[in-house]
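Trainee: 3D model of this:
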Amino acid sequence: MSKSLSIDPAVFRRLRDLPKNERVECLLALCELTEGFGRPHLHSGLGIRKFGGKLFECRGNLTLRFIFQDRPTDLFVSFLGNHDEIKALLRSGKYR
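Mentor: As a prediction, this is how the structure comes out:
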């Protein structure tokens, strides 16, 4: 059984500001995430990568990545950004 998806309002704002084709790609990736997380053969195309603990990254499209947390009842998507933005976020210590 797949977990539900919770999304931070800042991620919705970032998605809304994307061009339509990129927004669609990212939304489809989120749909795949809820169905495929925890099933390696299904989520291989999402490029899911574990950062440690319950923190993960997955591909939204060619340039954007989602940061999400595996919580007991849901998957919480807390950030959407490019590679450099994600590196800076992780260095900031927000997720320690």
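Trainee: give me every residue that touches K50.
Mentor: Going by Cβ atoms under 8 Å, 6 or more residues apart in numbering, K50 touches F56. Placement of C-beta: from N, CA and C, glycine included.
Trainee: quick check: next helix or strand after the helix or strand that contains L80?
Mentor: Secondary structure assignment for L80, by DSSP states H and E: strand 74-82. The helix or strand immediately downstream of strand 74-82 is helix 83-91, counting by DSSP H and E.
Trainee: reduced to three states, what does Y95 come out as?
Mentor: Classification of Y95 by DSSP: H, G, I helix; E, B strand; the rest coil places it in coil.
Trainee: right, and it touches F51 too?
Mentor: Yes - between Y95 and F51 there is a contact under Cβ atoms under 8 Å: 7.4 Å.
Trainee: the bottom helix or strand of this protein by mean pLDDT?
Mentor: Least confident helix or strand, the chain: helix 40-43 with a mean of 57, by mean pLDDT, DSSP states H and E.
Trainee: from F51, how far out is the most centrally placed residue in the chain?
Mentor: Centroid-nearest residue in the chain: F66, 2.7 Å away (criterion: Cα atoms, centre = their mean). Note on F66: its distance to F51, by Cβ to Cβ, to the nearest Å, is 12 Å.
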